[in-house]
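Undergrad: all I have is the shape, not the residue letters:
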């Protein structure tokens, strides 16, 4: 995807996150970033499914990762490595 699409996806994600924070709500992954950086992403697949399953920004998060050729970690309920679902 183009950098324009990546930028648009990032803006959409950040906008939704801002709306959620304005309501004093949180997304399930808030504060858990370090948990997404394991050496074996397959061990995180079930974790991602459970954690992201009820997330209000799941779709925007997935679209951002899909647009980023370097996405690594858990994004949109999937485990990504270098822009591809692992």
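TA: Yes, it's here. From a predicted model like this one, the values you see are computed outputs, not experimental measurements.
Undergrad: what's the weakest-modelled helix or strand in this protein?
TA: helix 45-52 (a mean of 83; mean pLDDT, DSSP states H and E).
Undergrad: just after it, pick out the following helix or strand.
TA: Where DSSP states H and E defines the elements, the next helix or strand beyond helix 45-52 is helix 58-67.
Undergrad: tell me the buried residues in that following helix?
TA: The neighbour-count check on helix 58-67 (16 or more other Cβ atoms under 10 Å) flags 58, 60, 61, 62, 63, 64, 65, 66, 67 as buried. (Glycine included, C-beta is placed from N, CA and C.)
Undergrad: leaving out the residues flanking it, which one is nearest to the second one?
TA: So that's residue 60. residue 13 (4.3 Å; Cβ to Cβ, 6 or more residues apart in numbering).
Undergrad: so what strands line up beside the helix or strand containing residue 74?
TA: With the criterion set as DSSP H and E, the secondary-structure element containing residue 74 is strand 73-75. For strand 73-75, the pairing partners within the sheet under DSSP bridges are strand 78-81 (antiparallel).
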